[in-house]
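> Sequence first, then the predicted structure, then my questions.
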Amino acid sequence: MSNFNIMEDKLSNAQIAWRAAQDIDDGSYVNLGIGFPEMIAKFQPEGRDVTYHTENGVLGFGKAPAEGEEDWDLINAGKKAITLNPGASFFHHADSFAMVRGGHLDLAVLGAYQVAPNGDLANWRVGSKGVPAVGGAMDLVHGAKRVAVVTDHITKKGEPKLVEQCAFPLTGVGCVTRVYTSLAVLDISEGKFILREKLPSISMDELQAVTGATLHIDGDVADLIVPENLK
Amino acid sequence: MDKTISSVAEAVADIPDGADVMIGGFGGSGAPIELIHALIDRFRATGSPKKLTVINNNAGNGFIGIAAMIKAGMVKKMVCSFPRSSNAEAFNEKYLAGEIELDLVPQGTLAERIRAAGAGIPAFYTPTSFGTELAEGKPTEEFDGKMYVRERWLKADFALIKGEKGDVVGNMTYRMAARNFNPLMAMAAEKTIAQVAELVETRSIDPQQVVTPGIFVDAIVQVSEPEQEEVLVRTGVVY
């Protein structure tokens, strides 16, 4: 019998972000979605030269400035103050989204409410109540060479976020190619979730039980090992 | 040719009721706050302009700029990509009460529709929103094995934009990420009204620095030391 306790043993958001960061290639252009995905930049491995794009019109931004040093004409798509790295550039919104849809970005990473094995993503709206807001999410899922999702494996109520079919309104169809969760790393290919890595402490049966779609195995499933105490 | 106007009040004086008005800016940066406030002053003094359709990425923040226009009751409809934010109370209240219309457009589609209007392209195909509720009722077509949605150009009667430096013929530069929608909106309106922090009276902007060529600008007014939306919102200013 396994002693796996999902709420205690699953990865934190910082750990998921760390794992996603390991796959950012040297020399790549990357867009990180607002919120959780932004954390990935912090864990970018040493020695890799990565250029970050933000859709309001900046390429090559760096860390947040110190408090009191903000210039509010220098912000990211999350409306937070940023700084520039050497080699940065500014451009208007049409050029910015040309970079997105035109296939110029190597990687886009987004959050998710639900992901399906056909690559469908729902991440902008959970129902029809309240004020809808889409921003650039529907653009960002198209065009990047790889579109990855970072997400908890289950909702706060314990429901699977990897599902056979998205029930929430879609952000894009057939767009996601890789998923990093609090329990596993999966590729999406030919309408299937293909398990690449899982936490060593969770059994296949336990992982399948908290996943709303069939997990496929194609080759080795590696141990998902992430540093402790990341912040 | 001299496109300079001496005051923001004069610059917005001929915007009528029911006009479609593009307003530059993204979040707290690039919004022509003084032009917007001049429009609000006119509405408070004369009751016009009202029933405006406002095109912007957001739907106002705090109690200044577009949020103050909405609060004052001048806006019939917002066309934007992201109306929901931490301090968009003015829009949220009116929307949830059914007192303002919303046309929600994905951000990149909004930018491209505006650009297309300025470039004389009535429609284009984009992968964005295919298969989602925002594509419902729109024509789709397959190109090279992938599906795309047809989107129409988006024009306006007026554009209110903000630049850093401008000259008498309307050439403009922008400050950092405050560029955002401003150069696109300048192209897409019947009449483009620009405020700039520095208006040089001679034609002295280095041609290599010009981002918006003067052909896209109809009126230009100097607002030295313009207000920054983000600062006004953070300090709780109410207009």
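Arrived safely, thanks for sending. Numbering: from 1, shown residues only, chains lettered A, B, ... in the order given.
> I'd guess A:Ser182 is in a strand, am I close?
No. Using DSSP: H, G, I helix; E, B strand; the rest coil, the assignment for A:Ser182 is coil, not a strand.
> pretty sure B:Asp167 is in contact with B:Gln209, am I right?
No. Taking contacts as Cβ atoms under 8 Å, B:Asp167 lies outside contact range of B:Gln209: 10.9 Å. Any C-beta I mention is one placed from the backbone N, CA and C, and that applies to glycine too.
> elements contacting the helix or strand containing A:Asn85?
Element membership of A:Asn85, judged by DSSP states H and E, is strand A:84-90. Under the contact criterion of 3 or more Cβ pairs under 8 Å, 6 or more residues apart in numbering or on different chains; DSSP states H and E, strand A:84-90 touches strand A:58-61.
> Adjacent strands (with direction) for the strand it packs on?
Strand pairing for strand A:58-61, using DSSP bridges, gives strand A:51-54 (antiparallel), strand A:84-90 (antiparallel).
> can you pull the contacts of A:Phe168?
Neighbouring residues of A:Phe168 by Cβ atoms under 8 Å, 6 or more residues apart in numbering or on different chains: A:Tyr113, A:Gln114, A:Ala122, A:Arg125, A:Val126, A:Gly127.
> In terms of helix, strand or coil, where does it fall?
On the basis of three-state DSSP, A:Phe168 is classed as coil.
> Just grab the bridge partners of the nearest residue to B:Thr173 once chain neighbours are set aside for me.
In space, and not counting its chain neighbours, B:Thr173 is closest to B:Lys165: 4.6 Å by Cβ to Cβ, 6 or more residues apart in numbering or on different chains. Counting by DSSP bridges, B:Lys165 is bridged to B:Thr173, B:Glu198.
> Give me the neighbour count for B:Lys165.
20 (other Cβ atoms under 10 Å in any protein chain shown).
> you'd agree it is up against B:Ala194?
No. With contact defined as Cβ under 8 Å, B:Lys165 and B:Ala194 do not form a contacting pair (10.8 Å).
> Need the residues touching each of those two.
Common contact partners of B:Lys165 and B:Ala194 (Cβ under 8 Å, 6+ apart): B:Met172.
> how far away is B:Phe130 from A:Gly87?
According to Cβ to Cβ, to the nearest Å, B:Phe130 and A:Gly87 sit 34 Å apart.
> more crowded one of these two?
Between B:Phe130 and A:Gly87, counting by other Cβ under 10 Å, B:Phe130 is the more crowded of the two (22 against 9).
> my hunch is that that one is in a strand, does that hold up?
No. Counting by three-state DSSP, B:Phe130 falls outside a strand, being coil.
> which residue sits closest to residue 78 in space, ignoring its chain neighbours?
Using chain A here. In space, and not counting its chain neighbours, A:Gly78 is closest to A:Ile34: 4.0 Å by Cβ to Cβ, 6+ apart.
> please go with chain B instead
For B:Met78, ignoring the flanking residues on the chain, the nearest one in space by Cβ to Cβ, 6+ apart is B:Ala59 at 4.8 Å.
> on that earlier part again, starting at the chain centroid, how far to the helix or strand following the strand holding A:Asn85?
The helix or strand immediately downstream of strand A:84-90 is helix A:93-101, counting by DSSP H and E. Relative to its chain's centre, helix A:93-101 lies at 20 Å (Cα atoms, centre = their mean, to the nearest Å).
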